[in-house]
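Engineer: heads up, no residue letters with this:
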């Protein structure tokens, strides 16, 4: 019993003095990308994301339009369909270099964006 109390005291002391640090490096970096209409253009917004190389990334894809849309990143072999008014989540590791283009593979004229991996 004394050992348990001493261990609890040690842990509390370490936490209070910064002896332990909980790393957020393993936590995914989260982004929301929205397929929407602006003026006469259908776009994925935001148009640019920046993530560190090797980072786990969680994308929430929301389609606010009245038609099904695609979401593709060729370099990462991602190709998804998001129904009208629907959403989808993708978790990936940003392990490629440079800018990666994301776009709607169903509608080539729609405006996509890029993910900058640094």
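Structural biologist: Thanks, I have it. Quick caveat, the model's predicted, so the values are computed rather than measured.

Engineer: And the helices in the protein?
Structural biologist: Along the chain, counting by DSSP state H, helices occupy 2-17.

Engineer: longest strand anywhere in it?
Structural biologist: Longest strand in the chain by number of residues (criterion: DSSP state E): strand 29-38.

Engineer: What residues of that strand count as buried?
Structural biologist: Across strand 29-38, burial judged by 16 or more other C-beta atoms under 10 Å covers 31, 33, 35. Yep, even glycine has a C-beta here, placed from its N, CA and C like the rest.

Engineer: Stretch 111-118 now?
Structural biologist: Neighbour counts over stretch 111-118 (16+ other C-beta under 10 Å) mark 112-115, 117 as buried.

Engineer: between these, which is nearest residue 78?
Structural biologist: residue 115 (10.4 Å; C-beta to C-beta).

Engineer: what pLDDT does that closest one get?
Structural biologist: Here, the pLDDT recorded for residue 115 equals 94.

Engineer: Residue 40 now?
Structural biologist: Looking at residue 40, its pLDDT reads 87.

Engineer: Strands along the protein, start to end?
Structural biologist: Taking DSSP E as the criterion, the chain carries its strands at 29-38, 41-45, 48-51, 56-63, 69-73, 78-82, 87-93, 98-102, 113-117.

Engineer: so what's residue 48 bridging to?
Structural biologist: Beta-bridge partners for residue 48, by DSSP bridges, are residue 114.

Engineer: residues contacting it?
Structural biologist: 113-116 (C-beta atoms under 8 Å, 6 or more residues apart in numbering).

Engineer: and the gap between it and residue 67?
Structural biologist: According to C-beta to C-beta, to the nearest Å, residue 48 and residue 67 sit 24 Å apart.

Engineer: mind showing which ranges of this protein have poor pLDDT?
Structural biologist: Applying pLDDT under 70 to the chain picks out residues 1-26.

Engineer: 90 - rerun?
Structural biologist: The model of the chain has pLDDT under 90 over residues 1-27, 39-41, 76, 95-98, 107-110, 118.
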